[in-house]
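[1] predicted model follows, preceded by the sequence.
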Amino acid sequence: MKFAIVTAALLSLVAWAELRGWALTEPSRRHPPVPASVRSSPGGYRSYHFWHTGYHGGK
Amino acid sequence: MTGVAAACPQCGAPLRFGGGQSLAAVCGHCRAAVARKGVEVALIGKIPDLVSTATRLGIGDAGKIDGKAFQIVGRLQIDQGAAAWDEWYLSFADGGDGWLAEARGGLYATRRFGKNPALPPFESLRPGTRVRHMTVDEVGEARFVSADGELPFQPEVGATYRFADLSGGSGEFATIDYSGQEPELFVGRKLDYGEAGLAAAIASRGRAPAEAGPEGRALACPGCGAPVPLKGPESATAACGSCRSLLDVHEGALGIVGKLGERTEPILPLGAKGVLRGENVEVLGYLRRYVQYGEVKYRWSEWQLWGSKGYAWLSEYDGHWTSLVPIPGGQVEEESGGIRSGGDLYRHFQTATAHYEDIQGELSWQARIEETQNVRDYTAPPKALSAEEEKGEVNWARGEWLPPEEVWAAFKLPGVPPRPIGVGMAQPNRWLPMKRQASRWAWAGAALLILGSFFLAGALPHQVVASFDVPLPAEGTTISPPFELAGEMQSLEIVAEAPLNQSWVALDLALINEDNGDARSLGFELSRFEGIDEGEHWSEGSRARSAVLGSVPRGRYLLRVDVSLDPGSRQLVPPNASIRVKRGVFVYGPMLLGLLALIPVPLVLGLLSASFERRRWEQSDTDDEEDE
């Protein structure tokens, strides 16, 4: 019975994680929030200093 | 029952030939043996007095077997050199006759088999030989000791006859009598006093047929005169507790047959009474035995018990206890992989030559301290099966491992039982049921998880919330139109594609929550190169990439895309890359982690179970170890 309970709990946890879109690996990096001043100014996103993945490759 | 009445030719006492098949009778007054020929009677000899046995029956007792009424009209006493047993001659109401043997603590009812089948010669029989559907338990020679009442033949005291006892899987019993020119087959079954309808007759004499506990008698030791109590109905060997003589019980007297060595102290004392698995039992005898491998002796203890169901055994080795009851050889059947008995397949554990080291109390067979037995043990934990072969007889016993605490409680022994050493032959593997249960649930969980994931993958919205083009040759920054993500947390898939050829493009993406400024960044490298090298076509790179972001909260979002190009191939890149954003896509992480999480419990329990079995089978002389 205890194995049934553990299995049921595990399946519930998996279903919950799945519905929440929980990913095992995260391909993105999180950054500090973009300031409201940037978000509210026209073209602000273009000039805001973002980041670069550093890819310079290719053939 | 009427029959023929006559007078004893020796003393004139009345004689009656009540059984239709009775050809001789013993005068109860003068012990003369009288033969009948028609209405004439003739004196044929004198029969010694009956020897004392622990029988519960008497001539004149009436019973019923399988609905057929009978009356006991005669009695024959037989022995094999040790204690005599009684075979009661029955006259059935249907005019037929039969026998009821009191042996091994039970009753064996037999009647002559109607048409005599072809029977194997005595010399070809061994214990274990199969004769039709039955198994030979014993082949031997018995001697007429005494008789009383009516008999179907003229008794010749001291005469011997050869016989074979057989048993079947469902309680059938048979004996082949080789005393005549042609062997005769008698078939029947084992039954108890109640089944034979004799309970009332026994009770009328003030004795309960299923009363637990031996009746009891005592004889004087011929070595020292000390009293030797005999409680078992078939005691054939006794050990004097005073002078340590090993005694043969024969025709109600004791004879010294050996001298016992150093006395060992049994855990269960002789005479101890208890309730074992609901049955009243009393300890009658004790054996200390050993098997020897090289210089090492492996010792164990055995107790012969007497209870309401007859004889039983308790065995102890290294603190592991097993209770056993005798079973007929017909209840075991060899098959590949072991012995089948009572629906269980028992695997061979060991075969050894067992020696006696000490004997105490009384035993139901002729034991000699110097004799050895070929012992075979089988196990189907928690059950055990044992075969002991000696002097043309194989005795099978089947039983079960007992927790030591149960033995202590059954006999109200003081203190706590010694902790068992190692793993016992029939000790149940406590990890095995847990492992099986955990494995069953793990498999069921995995199946549910996979099926559920398929269902969920189909049920998730997979909704495209944004789709836009990113100009490539300009190598600038593109901001997507804002898009809404409804619902709570969810997964988000970003797909980038560009029809590249001999070029590459790097896309730096930033997903920005316009409500609170939260930002996540990721990069895609799209490329496509191909050519021919030494006549071989090659290609590398990918024109499409995707990534799934987990746990993205609801809100208003936009995607900023920075484009980087190879300056040397700017003219080769296509005008646009397309970007699509989908919400509510399936993520594999939870399912994979869930599958992994199902493994450890059955794995650990499986390892514990395997380790337990390895320790059990380390003590076996069987090569192949139990799988589970």
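    Sure thing, it's come through. Just so it is clear, the model here is predicted, and its values are computed rather than measured.
[2] C-alpha from now on. contacts and neighbour counts both.
    Noted.
[3] run the chain-centre distance for the biggest helix by length in chain B.
    Assignment by DSSP state H gives helix B:431-459 as the longest helix of chain B. Mean-position distance between helix B:431-459 and its chain equals 31 Å (Cα atoms, centre = their mean, to the nearest Å).
[4] tell me what that helix is packed against?
    With contacts taken as 3 or more Cα pairs under 8 Å, 6 or more residues apart in numbering or on different chains; DSSP states H and E, helix B:431-459 sits against helix A:2-19, helix B:589-597, helix B:600-617.
[5] next helix or strand past it?
    Per DSSP states H and E, helix B:431-459 leads on to strand B:463-471 as the next helix or strand towards the C-terminus.
[6] give me the distance between that following strand and the centre of its chain.
    Using Cα atoms, centre = their mean, the offset of strand B:463-471 from its chain centre is 70 Å.
[7] can you list the strands that that strand pairs with?
    strand B:576-583 (antiparallel) (DSSP bridges).
[8] for the partner strand, buried residues please.
    B:576-577, B:579-583 (16 or more other Cα atoms under 10 Å in any protein chain shown).
[9] so which strand or helix has B:L413?
    Using DSSP H and E, no helix or strand contains B:L413.
[10] can you pull the contacts of B:R347?
    B:337-339, B:378-380 (Cα atoms under 8 Å, 6 or more residues apart in numbering or on different chains).
[11] beta partners for B:V394?
    So, taking DSSP bridges as the rule, B:V394 has B:E389 as bridge partners.
[12] is it true that it touches B:A387?
    Yes: at 6.4 Å, B:V394 counts as touching B:A387 under the criterion of Cα atoms under 8 Å.
[13] and the two? Which one has more around it.
    Between B:V394 and B:A387, counted using other Cα atoms under 10 Å in any protein chain shown, the more crowded position is B:V394 (23 against 20).
[14] give me the distance between that one and chain A.
    B:V394 sits 45 Å away from chain A, going by Cα to the nearest Cα, to the nearest Å.
[15] go on, B:S167?
    B:S167 is 44 Å from chain A, by Cα to the nearest Cα.
[16] neighbours around that residue, how many?
    28.
[17] and if you look at B:V41?
    Neighbours of B:V41 using other Cα under 10 Å come to 18.
[18] so which strand or helix has it?
    Going by DSSP H and E, B:V41 is in strand B:40-46.
[19] which strands border that strand, and is each parallel or antiparallel?
    Strand B:40-46 has these strand partners (DSSP bridges): strand B:32-37 (antiparallel).
[20] quick check: mean pLDDT across the partner strand?
    If you average the pLDDT over strand B:32-37, you get 85.
[21] can you dump the C-alpha atoms of it in CSV for me?
    What follows is strand B:32-37, C-alpha atoms only, in CSV (Å, rounded to 0.1, in the frame of the first residue of the first chain):
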residue,chain,number,x,y,z
ALA,B,32,-4.9,-71.3,21.9
ALA,B,33,-4.9,-70.8,18.1
VAL,B,34,-7.8,-72.5,16.6
ALA,B,35,-8.4,-73.0,12.9
ARG,B,36,-11.9,-73.3,11.3
LYS,B,37,-12.8,-75.6,8.5
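[22] can you give me how far that strand is from the chain middle?
    That offset, for strand B:32-37, works out to 53 Å (Cα atoms, centre = their mean).
[23] domain assignment for chain B?
    For chain B, automatic domain parsing gives the domain ranges B:4-204, B:254-410, B:431-458+B:593-617, B:461-585.
[24] looking at the ones you listed, which is nearest to B:P222?
    domain B:254-410 (6.6 Å; Cα to Cα).
[25] quote the end-to-end distance of the closest one.
    32 Å (Cα to Cα, to the nearest Å).
[26] again with stretch A:23-31
    Stretch A:23-31 end-to-end distance (Cα to Cα) = 18 Å.
[27] does chain B sit close to it?
    Yes: contact between stretch A:23-31 and chain B, assessed by Cα under 8 Å from any Cα of the partner chain, occurs at A:23-31.
[28] other residues contacting stretch B:436-449?
    Counting by Cα under 8 Å, 6+ apart, A:3-4, A:7-8, A:11, B:591, B:594-595, B:598-599, B:601-602 sit against stretch B:436-449.
[29] for the chain, where's the lowest mean pLDDT among helices and strands?
    Assuming you mean chain A. One helix or strand of chain A scores below all others by mean pLDDT, DSSP states H and E: helix A:44-47, with a mean of 73.
[30] residues contacting that one, please?
    Contacts of helix A:44-47 (Cα under 8 Å, 6+ apart): A:38-39, B:477, B:479, B:560.
[31] pull out the buried positions in it.
    A:45-46.
[32] next one: stretch B:103-114
    Result for stretch B:103-114 [16+ other Cα under 10 Å]: buried residues B:103-112.
[33] closest to B:P233 out of those residues?
    B:G105 (7.1 Å).
[34] residue 33: neighbouring residues, count only.
    Let's take chain A. 14.
[35] try chain B instead
    Neighbours around B:A33, by other Cα under 10 Å: 28.
[36] any idea how far B:I47 is from it?
    Counting by Cα to Cα - B:A33 and B:I47 are separated by 6 Å.
[37] list residues touching both of these two?
    B:V26.
[38] so where's chain A uncertain?
    A:47, A:49-59 (pLDDT under 70).
[39] for it, which residues are neighbours of chain B?
    A:3-4, A:7-8, A:10-11, A:14-15, A:17-36, A:39, A:45-46, A:51-53, A:55-56, A:58-59.
[40] weed out the non-buried ones from the residues you listed.
    A:3-4, A:7, A:10-11, A:14-15, A:17-23, A:27-28, A:34, A:39, A:45-46, A:58.
[41] for B:S323, which non-adjacent residue is closest in space?
    B:L314 (4.5 Å; Cα to Cα, 6 or more residues apart in numbering or on different chains).
[42] mean confidence score for the helix or strand containing that neighbour?
    Using DSSP H and E, B:L314 sits within strand B:310-317. Strand B:310-317 carries an average pLDDT of 94.
[43] is chain A contacted by stretch B:584-595?
    Yes: taking Cα under 8 Å from any Cα as the criterion, stretch B:584-595 and chain A are in contact, through B:584-591, B:594.
[44] only alpha carbons, please: show that stretch as CSV.
    Below are the C-alpha coordinates for stretch B:584-595, written out as CSV (Å, rounded to 0.1, in the frame of the first residue of the first chain):
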residue,chain,number,x,y,z
GLY,B,584,2.0,25.2,-23.6
VAL,B,585,4.4,22.8,-25.2
PHE,B,586,5.3,19.5,-23.7
VAL,B,587,8.5,19.4,-21.6
TYR,B,588,10.3,16.1,-21.1
GLY,B,589,12.0,17.0,-17.8
PRO,B,590,9.3,16.0,-15.3
MET,B,591,8.6,12.7,-17.1
LEU,B,592,12.3,11.8,-17.3
LEU,B,593,12.8,12.7,-13.6
GLY,B,594,9.7,10.8,-12.7
LEU,B,595,10.9,7.7,-14.5
